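1. Here's my sequence, what's the structure:
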Amino acid sequence: MSDNIIQFSQVNLGYGSKTILKDLNFTVSRGQYIGLVGANGAGKSTLLKAIIGAIAPFKGKISYFDSEGREIKRIGKLGYMPQHQSLDKSFPLSVFDVVLMGRYTMMGWRTQKKDKKAVLEALEQVKMADYAYRHISELSGGQLQRILMARAIVSEPELLLLDEPTNGMDLGASQDTLDIVHELHKKGLTVIIVTHMLDIVARHAQTVGLFHHHEGSTSLKWGKPELLLSDAYLTELYGRPLSFQYGPKDKQSAPASEPPADATSSSAGA
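-> Got it, this is the predicted structure:
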């Protein structure tokens, strides 16, 4: 089995004529759990949109690989939960209907038993099975987030991209949702998550990407969470004194200065 699932080679990303991220060079390994951290507007969502093909690189190449190491056009089974999602709650959709949308690319012309089973299992995972046939207008903000999580995982993806998946959830629901992600990762799922919940990144992520926007430019730095989630670096990142306890104090004594061997620091003028 091939280790790599995605490779960025000299990639520039942005919108219109504005470059957000520049000279991205890194690979994502199969089965990896990556946490993306940084202030709003630094380019985290932009990176996810590039991975799913929603935006094309200004420069460079994004490559995808199957389990045999062959280059492919796109990842066949991909789950994506964007940060800002809107559903017209007046539209006649049940919770079941919304989750089923996540299987459209793999379904035939009608819903089969295996599709129904997958939807109900996904709802069970996010603890919303009792709501399967309710109208979406009955959902709270946090419940809607859980449903959208179920939609992202119902296709049994090999890569799961989550952009602030706990928005609108209370602390308990947030923890439940991220525990689900952790369990899926333990079963071999590749996960890339954007979150401000540093404790989740510290406990679960194998690699952290820190997006630092400063004086008109964004830099992307890669490293292990025990190195990057240091008091010194987080204070620099967010522009105010911050302290985050990660295991033994001596593990957070200095910020990482170099990315992993398969990645390089990248920056862009904003």
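2. Name the residues that touch the helix or strand encompassing His185?
-> Secondary structure from DSSP states H and E places His185 in helix 171-186. Contact with helix 171-186 is made by 31, 33, 125-127, 142, 145-146, 149, 153, 160, 162, 165-166, 169, 191, 193, 197, 200, 204, as judged by Cβ atoms under 8 Å, 6 or more residues apart in numbering. Every C-beta, even on glycine, is put in place using the N, C-alpha and C of the backbone.
3. Now which of the residues you listed would you call buried?
-> For the contacts of helix 171-186, a neighbour count by 16 or more other Cβ atoms under 10 Å gives the buried set as 31, 33, 125-126, 142, 145-146, 149, 153, 160, 162, 165-166, 169, 191, 193, 197, 200, 204.
4. Now, those residues that are in helices?
-> 125, 142, 145-146, 149, 153, 200, 204 (DSSP state H).
5. Identify the residue with the minimum pLDDT among the residues you listed.
-> The member of those with the lowest pLDDT is Ile200, at 78.
6. got the angle for the helix or strand where Arg151 lies vs helix 171-186?
-> Using DSSP H and E, Arg151 sits within helix 141-153. Helix 141-153 runs at 10 degrees relative to helix 171-186, counting by axes from the mean of the first three to the mean of the last three Cα atoms, to 10 degrees.
7. Return the list of helices and strands in contact with helix 141-153.
-> Helices and strands touching helix 141-153, by 3 or more Cβ pairs under 8 Å, 6 or more residues apart in numbering; DSSP states H and E, are strand 78-81, helix 95-100, helix 113-125, strand 159-163, helix 171-186.
8. One more pass at 7 Å, please.
-> strand 78-81, helix 95-100, helix 113-125, helix 171-186 (3 or more Cβ pairs under 7 Å, 6 or more residues apart in numbering; DSSP states H and E).
9. list the contacts for Ile99?
-> Careful, residue 99 is Val; it's not Ile. Counting by Cβ atoms under 7 Å, 6 or more residues apart in numbering, Val99 touches 119, 122-123, 147, 150-151, 154.
10. Over to Thr190?
-> Thr190 makes contacts with 5, 28, 30-32, 158-160, as judged by Cβ under 7 Å, 6+ apart.
11. With pLDDT and distance to Phe211 added, can I get those in a markdown table?
-> What follows is the contacts of Thr190, written out as a markdown table (pLDDT from 0 to 100; distance: Cβ to Cβ, whole Å):
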| residue | pLDDT | distance to Phe211 |
| --- | --- | --- |
| Ile5 | 93 | 21 |
| Val28 | 94 | 16 |
| Arg30 | 93 | 24 |
| Gly31 | 92 | 23 |
| Gln32 | 93 | 18 |
| Glu158 | 91 | 25 |
| Leu159 | 94 | 20 |
| Leu160 | 94 | 20 |
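12. Can you turn the buried part of those residues into a ChimeraX selection?
-> The buried residues among the contacts of Thr190 can be selected in ChimeraX (16+ other Cβ under 10 Å) with this line:
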select :5,28,30,31,32,158,159,160
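13. Output the contacts of Thr190 as a markdown table; include the columns distance to Ser17.
-> Formatted as a markdown table, these follow (distance: Cβ to Cβ, whole Å):
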| residue | distance to Ser17 |
| --- | --- |
| Ile5 | 31 |
| Val28 | 28 |
| Arg30 | 35 |
| Gly31 | 38 |
| Gln32 | 33 |
| Glu158 | 35 |
| Leu159 | 30 |
| Leu160 | 32 |
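14. with the contacts of Thr190 in mind, which one is nearest to Ile75?
-> Nearest to Ile75 among the contacts of Thr190 is Leu159, at 5.3 Å by Cβ to Cβ.
15. what sits opposite the closest one in the beta ladder?
-> Leu78, Thr190 (DSSP bridges).
16. you'd agree it is up against Leu78?
-> Yes: with contact defined as Cβ atoms under 7 Å, Leu159 and Leu78 form a contacting pair (5.1 Å).
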